[in-house]
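# show me how the following folds:
(one chain, ligands or ions: 1)
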Amino acid sequence: MNVESKIKTLTEQLNHYAHAYYTLDNPIVEDAEYDRLYRELVALETENPNLVRADSPTHRTGDVVLSGFKKYTHDYQLYSLQDAFSKEELEAFDTRVRKEIPDPEYICELKIDGLSLSLVYVNGVLETAATRGDGSIGEDITEQVKRIKDVPLVLSEPIDIVVRGEAYLPRRNFQKLNLEREEEGLPSFANPRNAAAGTLRQLDTKVVAKRGLATFLYQEASPATNDTQEEVLEYFEKLGLVVNDQRAFATDITEIWNFIEKVAALRDALPYDIDGVVIKVNQLAQQDVLGFTVKFPKWAIAYKFPAELAET
Ligand SMILES: NC(=O)c1cnc(N)c2cc(Br)sc12
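Numbering: from 1, shown residues only. Purely as a prediction, here's the structure:
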């Protein structure tokens with residue numbers, strides 16, 4: 001096997017193992033075996049820098065210390081969601097929707113308490129990752145996001161797509177981080193969201209790699225290639241993006257409220273923080289019919305849980 005084929009095989013093998021470990025949470029090799037193959041790849045890439053592939057896992061390490069954050073103008077506006085704090089507000093939302101969509105089907109998803117991020121893939125390769133900013137202009141955090149191990153550097157298909165999601169710090173990594181900071185005499189982070197935000201603002205990317213951020217992707221920002229939000233989420237998983245597995249369908253407020261109560265009961269047992277449930281009209285064509293107000297999409301609403309007691 002020539003060097004180029006060897007590098008291709010090693011890269012694919014390591015990415016397959018990393019996808020199983022970080023995205024599917026289902027390790028299929030021992031760490032020692034992964035490390036042995038990784039060292040073999042680093043050696044071959046060092047001898048043949050011109051053969052390093054865009055999807056090489058070695059892009060996720062290496063100590064890049066940036067001097068600051070470049071601004072990034074989003075091609076697609078990142079909107080916010082209107083909030084609801086009661087069942088009555090959800091009923092008002094449903095009434096407004098029914099004025100234009102007589103019998104809507106809703107999809108309900110968890111509202112992840114992290115940091116919004118936009119991922120721009122060109123020909124299937126991660127080109128830019130950026131924060132939401134004011135919705136139009138964010139900050140380029142590409143090098144930082146490359147250190148989030150469940151973010152694919154290359155999708156399973158060579159497509160151009162802009163996806164939106166949330167970067168978050170799993171609770172176990174949050175507790176581990178605060179223990180380390182306590183031992184170093186540093187102030188602890190108040191909650192996983194602040195820790196995630198602080199981590200993505202690190203200019204030393206080695207720090208990002210160490211902290212163990214993760215993602216959930218939930219929105220196709222570029223023109224839709226699917227008919228429903230459910231199909232978007234299934235498509236994202238096929239591409240190699242991480243999608244949250246908790247979701248439900250509803251045709252009325254009673255079913256929506258049942259899901260909200262189910263999520264409220266399992267919230268504390270989740271390995272990540274959530275601050276509510278997002279309810280969306282599932283048919284993308286119906287989302288287009290409803291459109292946007294000046295600030296929010298008219299086809300979605302975020303039910304917010306009462307604030308949890310401060311993280312202990
Ligand atoms: N599932 C979703 O759509 C979702 C989850 N978590 C979030 N923090 C947000 C924010 C917007 Br805006 S949508 C959304």
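# which residue, other than its chain neighbours, is closest to residue 202?
residue 208 (5.4 Å; CB to CB, 6 or more residues apart in numbering). For glycine as for every other residue, the C-beta is placed from the backbone atoms N, C-alpha and C.
# number of nearby residues for the one you found?
Residue 208 sits with 24 neighbouring residues when counted by other CB atoms under 10 Å.
# and the gap between it and residue 113?
19 Å (CB to CB, to the nearest Å).
# which ones are touching residue 140?
69, 70, 71, 72, 128, 129, 130 (CB atoms under 8 Å, 6 or more residues apart in numbering).
# please apply the same query to residue 65.
Counted by CB under 8 Å, 6+ apart, residue 65 has contacts 203, 204, 205.
# quick one: which of those residues sit in helices?
residue 205 (DSSP state H).
# and the ligand, which of the contacts of residue 65 contact it?
Near the ligand, judged by CB under 6 Å from any ligand atom, there are no entries from the contacts of residue 65.
# what does the stretch 51-200 of the chain put close to the ligand?
80, 81, 109, 111, 112, 166.
# closest one of these to residue 1?
residue 166 (40.7 Å; CB to CB).
# show me what that closest one bridges to in the sheet.
Beta-bridge partners for residue 166, by DSSP bridges, are residue 116, residue 216.
# the strands in the protein, which residues?
71-73, 83-84, 106-112, 115-122, 125-131, 137-139, 161-168, 214-220, 247-250, 274-281, 300-304 (DSSP state E).
# now tabulate the ones you listed in TSV and tack on mean neighbour count and mean pLDDT.
Output for the strands of the chain, formatted as TSV (neighbours: other CB atoms under 10 Å; pLDDT from 0 to 100):
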stretch	mean neighbour count	mean pLDDT
strand 71-73	13	96
strand 83-84	17	97
strand 106-112	23	98
strand 115-122	21	97
strand 125-131	20	97
strand 137-139	17	95
strand 161-168	22	98
strand 214-220	23	97
strand 247-250	17	98
strand 274-281	24	98
strand 300-304	22	98
